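>>> prediction below, plus the sequence it came from.
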Amino acid sequence: MSTTVTLEEAKAHLAELVASLVPGEEVVITQDKQPVAKLIGQRGARCQPRQPGSAKGKLRLLSEDEEHLKDFKDYMP
């Protein structure tokens with residue numbers, strides 16, 4: 001699906017045009033009735049905000065091992 005707007009309309013309402021785009025939708029921008037640019041909606045990577053404790057129970061320790069900490073004794077208080 002393609003929508004056509006003039007350059008003046010695009011300048012005045014660019015934020016609204018971008019916000020209303022869905023993935024794959026096209027908006028053709030014209031100047032003097034000639035196409036000069038095209039906006040194409042992309043799939044946004046909208047991540048959910050992290051929630052404390054959301055990974056609880058997803059990590060399992062197979063063994064309690066203090067041996068490996070000996071290599072870092074110079075860096076520990």
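Ah, there it is. Numbering: from 1, shown residues only.

>>> show the end-to-end separation of stretch 60-69, please.
In stretch 60-69, first residue to last residue: 19 Å (C-alpha to C-alpha, to the nearest Å).

>>> any idea of the mean pLDDT in that stretch?
The pLDDT scores in stretch 60-69 average 75.

>>> contacts for the helix or strand bottoming out on mean pLDDT in the chain?
One helix or strand of the chain scores below all others by mean pLDDT, DSSP states H and E: strand 2-6, with a mean of 91. Strand 2-6 has contacts (C-beta atoms under 8 Å, 6 or more residues apart in numbering) with 13, 17, 25-31, 35. (C-beta placed from N, C-alpha, C; glycine too.)

>>> just for this protein, where's the confidence low?
1, 44-46 (pLDDT under 70).

>>> all strands of it, in order?
Under the criterion DSSP state E, the chain carries strands at the ranges 2-6, 26-31, 34-40.

>>> need those strands in a markdown table (columns: distance to Y75).
Formatted as a markdown table, the strands of the chain follow (distance: least, C-beta to C-beta, whole Å):
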| stretch | distance to Y75 |
| --- | --- |
| strand 2-6 | 60 |
| strand 26-31 | 56 |
| strand 34-40 | 51 |
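
>>> deepest in the core, which of the ones you listed is it.
strand 26-31 (a mean of 16; mean count of other C-beta atoms under 10 Å).

>>> other SSEs contacting that one?
Contact here means 3 or more C-beta pairs under 8 Å, 6 or more residues apart in numbering; DSSP states H and E; on that basis strand 26-31 packs against strand 2-6, helix 7-20, strand 34-40.
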